[in-house]
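In: I'd like to go over a predicted model; first the sequence, then the structure.
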Amino acid sequence: MDYFRAPLPDRLAAEYVLGTLRGPARRRFDTLLPAHPTLRAAVLRWQGALLPLAASVKPVAPSPRVWAAIEARLFAERQAAHEEPSPPARWWQRVLPWRAATGFATAAALALGVALTLPKPAQPPIVVVLAPADAAAAGALAKARFVASVSADGRGLVLKPIEALALDPRRALELWAVPGQGAPRSLGVVAADGATKVIRAELLRDTAAFAVSLEPAGGSPTGAPTGPIISVGKLES
């Protein structure tokens, strides 16, 4: 796999920062980071773009009962190790080389606390990163990147460009739901410099990806993309 060929480094870095890159793929990415300046630079760009959004999340303080349960799960085996020979390394010790990162450990503990204290937690949104598609055709919008957050019930979507885009007033950006087979469905014209909310029934039905195209002002006159596709993001299968 060529990790220097665009847009692969940018897409992988986005999934890495969002946490949607999991399992063997994430472990391989962790291994490659020290030796690939291109990947490290992409990770830093996405961290700078996405991590500030976490500042709007209100901290939740778990109750003493929850903290006791967390400590029992995390440290029970460590205490037992003083009384008997150390057991073989557990699976999480083998596959999580970043386990010493206290920031992630704290976030995990808080997330567990919320899960234990809320009997029916809301399902998290589905996050899709739309990476640049056709640099040659997109021209000045060649580096357009978006983040789409889809409600778990598939009835609402918020699309936001990672960076504000300079758009000719005679042109418009249009969002499309792209099925695995068949024609894309228009989800309407979207803003180039802010968030756009889309309310539709069954947004995710038969949808394999989301795409943004460059269209005349007001949107596509035909109901299908008429201009270049500037950004695409696939849904995780």
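Out: Received it, and whenever you're ready, just let me know what you need.

In: For stretch 23-42, give the mean pLDDT please.
Out: Mean pLDDT, stretch 23-42: 80.

In: swap in stretch 207-225?
Out: According to the model, stretch 207-225 has a mean pLDDT of 92.

In: Check stretch 65-79 too.
Out: Stretch 65-79 shows a mean pLDDT of 68 in the predicted model.

In: Just the strands from this protein, written as ranges.
Out: Secondary structure of the chain (DSSP state E): strands located at 126-132, 146-150, 156-161, 171-179, 185-190, 196-199, 207-216, 229-234.

In: So which helix or strand of this structure has the lowest pLDDT on average?
Out: With mean pLDDT, DSSP states H and E as the measure, the helix or strand of the chain carrying the lowest mean pLDDT is helix 91-95 (a mean of 39).

In: Okay, now the unreliable bits of this protein?
Out: 1-6, 51-62, 74-123, 135-138, 237 (pLDDT under 70).

In: switch the cut-off to 90
Out: 1-145, 148-157, 162-168, 180-182, 193-196, 198-206, 227-228, 235-237 (pLDDT under 90).

In: closest one to residue 18 among the strands of the chain?
Out: Closest to residue 18 of those is strand 126-132 (C-beta to C-beta; 5.7 Å). C-beta: built from backbone N, CA, C; applies to glycine.

In: thinking again about what came up before, turn the strands of the chain into CSV, including mean neighbour count and distance to residue 44.
Out: As requested, the strands of the chain are arranged in CSV below (neighbours: other C-beta atoms under 10 Å; distance: least, C-beta to C-beta, whole Å):
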stretch, mean neighbour count, distance to residue 44
strand 126-132, 21, 16
strand 146-150, 22, 17
strand 156-161, 20, 19
strand 171-179, 20, 27
strand 185-190, 18, 27
strand 196-199, 15, 27
strand 207-216, 21, 24
strand 229-234, 22, 21
